[in-house]
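In: What shape does this take:
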Amino acid sequence: MPLFKPTRREILTLAATAPAFAMPVAARASLGRPEGGNPAHFRFSVGDARVTIVSDGWFSLPTTGLGINAPREEVEAFLASNFLSPEQGYSHTNHLYIETGDARVLVDVGSGSRFFDTAGQLISNLDAAGIDPYGVTHVVITHAHPDHVWGIRDDFDEAIIPDAEYILGEAEHAHWMQDGLVNRVSAEDQQFVVGAVNSIETEGVDWTLVSDGYEVVPGVTLFDTPGHTPGHMSVRVDSGDSSLIALGDAMSHAYTNFAHPEWFNGFDSDGEQTVATRKRLLDMAATDRIAVLGYHFPFPGVGHVKREGDAYRFVPALWQF
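Out: This is a model prediction of the structure:
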């Protein structure tokens, strides 16, 4: 069973909205699930770098956590206008795997068996993609939330990828490892602190703690994108004239974050800083025409940023066969 437990408010919201899923108008706004599975990886290139997006699965949470600084009815109306449920979100989990030179870089390790039952599929999907996890040379952690780091250890509490170099921002490490943090957060948030600490202290993991501008390997750098967590970092891939930014959770919604960059979410540790970071990323990606990868965007989560007045729009990349 996953450790994650929804809050009482989320449980009540979920119960209250359950009948809505049976309404014909809601059914017309969404596609049904397939009987079998869908491909869980997608390959493309960034210059000479070979890139694969690999899914760790998905999870669903009430939308009450979205745009908490905006009127609730405005958020719900916006979601509905974009053919999304106003009550229940659906988050994909898109991991970046980079092959460049002799390096094999994996960004984040998913949630393993410790979060939602619908997630924790990264290792099996790497295998399905023909990627040997034991061949990964570098594991980069954008931040220490459950769906990004709880999959770092196996059922024996040992590193799931034992021979890789593990890299984490020093500010993120300092935040979660500060003395007494678990006693200074709300009761419902204590599990996230414990989970982060247990993940960081995984047997067999020796951390390389880094700061803004750190080069993992030539062409792959980390840069500070704080707000969602105090030490959140994003990953930039540059090769030739092509670039890609793996946003992590600096941007977590392919619709609200673009059309309403001023909205922040209940799971952002610092709302104002999150908004400032997001606007900086949007401006940079739109101005320099840099592709972006959203961890929670619709799979495979890669596209471009287009300006629309004072706001933006996510334009999914045109895939080549």
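In: quick one: secondary structure of the spatially closest residue to D132 that is not a sequence neighbour?
Out: Among residues not flanking D132 along the chain, L126 sits closest, at 7.7 Å (C-beta to C-beta, 6 or more residues apart in numbering). Where C-beta positions appear, they are placed from N, C-alpha and C, glycine not excepted. Judged by DSSP: H, G, I helix; E, B strand; the rest coil, the three-state class of L126 is helix.
In: surely L126 meets V54?
Out: Yes. Contact status for L126 versus V54: in contact at 5.6 Å, counting by C-beta atoms under 8 Å.
In: who's more crowded, the two?
Out: Just comparing L126 and V54: by other C-beta atoms under 10 Å the higher neighbour count belongs to V54, 28 against 25.
In: Now do the longest helix seen in the chain: which elements does it pack against?
Out: Longest helix of the chain, by residue count under DSSP state H: helix 271-288. Packing partners of helix 271-288 (3 or more C-beta pairs under 8 Å, 6 or more residues apart in numbering; DSSP states H and E): strand 242-246, strand 291-293, strand 302-308.
In: quick revisit: which residues are in contact with both of L126 and V54?
Out: Overlap of the contact sets of L126 and V54 (by C-beta atoms under 8 Å, 6 or more residues apart in numbering) consists of H41, Y97.
In: what's the pLDDT at L31?
Out: For L31, the pLDDT comes out at 84.
In: Tell me which helix or strand it sits in.
Out: For L31, there is no enclosing helix or strand under DSSP states H and E.
In: on that earlier part again, quickly note the distance from the residue nearest to D132 to Q178.
Out: 33 Å (C-beta to C-beta, to the nearest Å).
In: Ok, F115 next?
Out: Counting by C-beta to C-beta, the gap from F115 to Q178 is 23 Å.
In: quick one: which of these two has more around it?
Out: Set F115 next to Q178 and count neighbours by other C-beta under 10 Å: F115 wins out with 24 against 11.
In: my read: that one touches H145, true?
Out: No. F115 lies out of contact with H145 (C-beta under 8 Å); the separation is 9.5 Å.
In: burial measure for the closest residue to N94 other than its chain neighbours, as a count.
Out: Using C-beta to C-beta, 6+ apart and skipping the chain neighbours, the partner closest in space to N94 is G301 (3.9 Å). Applying other C-beta under 10 Å, we find 25 residues neighbouring G301.
In: pLDDT value on G301, please?
Out: 98.
In: show me the contacts for it.
Out: Contact analysis of G301 by C-beta under 8 Å, 6+ apart lists I53, H92, N94, A254, L293, G294, Y295.
In: can you confirm Q191 is in a strand?
Out: No. Assigned with three-state DSSP, Q191 falls outside any strand and is helix.
In: what's the spacing between it and V197?
Out: Distance from Q191 to V197, counting by C-beta to C-beta: 11 Å.
In: Repeat that for L247.
Out: 25 Å.
In: again, but for T100
Out: Applying C-beta to C-beta to T100 and V197 gives a distance of 32 Å.
In: Between these two, point out the one with more neighbours.
Out: Neighbour totals were compared for T100 and V197, and T100 leads with 20 against 14 (other C-beta under 10 Å).
In: Does the more buried one touch T137 like I think?
Out: No. Using C-beta under 8 Å, T100 is not in contact with T137; the gap is 10.3 Å.
In: quick one: common contacting residues for these two?
Out: V217.
In: Let me see the contact set for A40.
Out: Shown in contact with A40 (C-beta under 8 Å, 6+ apart): V54, S55, Q121, N125, A128, A129, F299.
In: Closest one of the residues you listed to E170?
Out: Distance to E170 across the contacts of A40 (C-beta to C-beta) is lowest for V54, with 26.9 Å.
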